[in-house]
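In: Predicted model, plus sequence, below.
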Amino acid sequence: MRLIKEIGDLRNLRLSGAGVSEAILLLFLSTGHASAESCLAPIRPYVPGDARAARDYADLIRRDFELYIRDIQSYFRCLEAERARAFEEAREVSEEYGRFLETIDR
């Protein structure tokens with residue numbers, strides 16, 4: 001409950017003109033890689049437990065499985081592309097951090 005009161009007190013926080021500009025810049029920079037791909041896993045196909053229903057809807061169920069197999073392959077490709085992008089970003093950030101540390105150590 002105390003935390004809610006503390007958060008409520010934040011409404012009294014005021015930023016100067018420069019503070020607002022810095023806050024906007026920080027927000028912009030922190031979301032700069034919003035283009036990172038969102039990989040959504042496909043929904044697992046449903047197979048009814050009733051054998052008669054499975055036979056009655058065999059064509060639909062077969063189609064669902066085929067679509068799932070196609071979509072899971074796309075999902076795996078997406079994950080691999082996102083992994084590669086994140087790895088490259090981490091390398092760049094590491095280099096930037098090294099340059100930052102050199103700058104402040106001077």
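Out: That came through fine.
In: Contacts only, for I72.
Out: Neighbouring residues of I72 by Cβ atoms under 8 Å, 6 or more residues apart in numbering: 41-42. For glycine as for every other residue, the C-beta is placed from the backbone atoms N, C-alpha and C.
In: What does it show for phi and psi?
Out: Per-residue torsions, I72: phi -70, psi -30 (degrees, to the nearest 10).
In: now T103
Out: According to degrees, to the nearest 10, T103 has phi -60, psi -40.
In: what's near enough to touch it?
Out: By Cβ under 8 Å, 6+ apart, T103 has no neighbours at all.
In: Just the pLDDT for it.
Out: pLDDT for T103: 94.
In: same question, F87
Out: At F87, pLDDT is 98.
In: Three-state assignment for it, please.
Out: With DSSP: H, G, I helix; E, B strand; the rest coil as the basis, the three-state label of F87 is helix.
In: residues near it, how many?
Out: 10 (other Cβ atoms under 10 Å).
In: Relative to S94, how far out is it?
Out: With the distance defined as Cβ to Cβ, to the nearest Å, F87 ends up 11 Å from S94.
In: same check, this time on R106
Out: Taken as Cβ to Cβ, the span from R106 to S94 is 20 Å.
In: So those two - more neighbours on which side?
Out: Per other Cβ under 10 Å, whichever of R106 and S94 has more neighbours is S94, with 9 against 4.
In: Now that one: which helix or strand?
Out: Secondary structure from DSSP states H and E places S94 in helix 58-105.
In: which parts of stretch 74-83 are buried?
Out: Within stretch 74-83, no residue qualifies as buried by neighbour count (16 or more other Cβ atoms under 10 Å).
In: Now do that stretch, average pLDDT.
Out: 98.
In: Can I get the one helix or strand R52 maps to in PDB, CA atoms only?
Out: Assigned by DSSP H and E, R52 falls within helix 51-56. Extracted as PDB, the C-alpha positions of helix 51-56 are listed here (Å, rounded to 0.1, in the frame of the first residue of the first chain):
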ATOM      1  CA  ALA A  51     -12.500 -40.300 -32.600                       C
ATOM      2  CA  ARG A  52     -15.700 -39.600 -34.500                       C
ATOM      3  CA  ALA A  53     -15.300 -35.900 -34.400                       C
ATOM      4  CA  ALA A  54     -11.700 -36.300 -35.500                       C
ATOM      5  CA  ARG A  55     -12.800 -38.300 -38.500                       C
ATOM      6  CA  ASP A  56     -15.600 -35.800 -39.200                       C
END
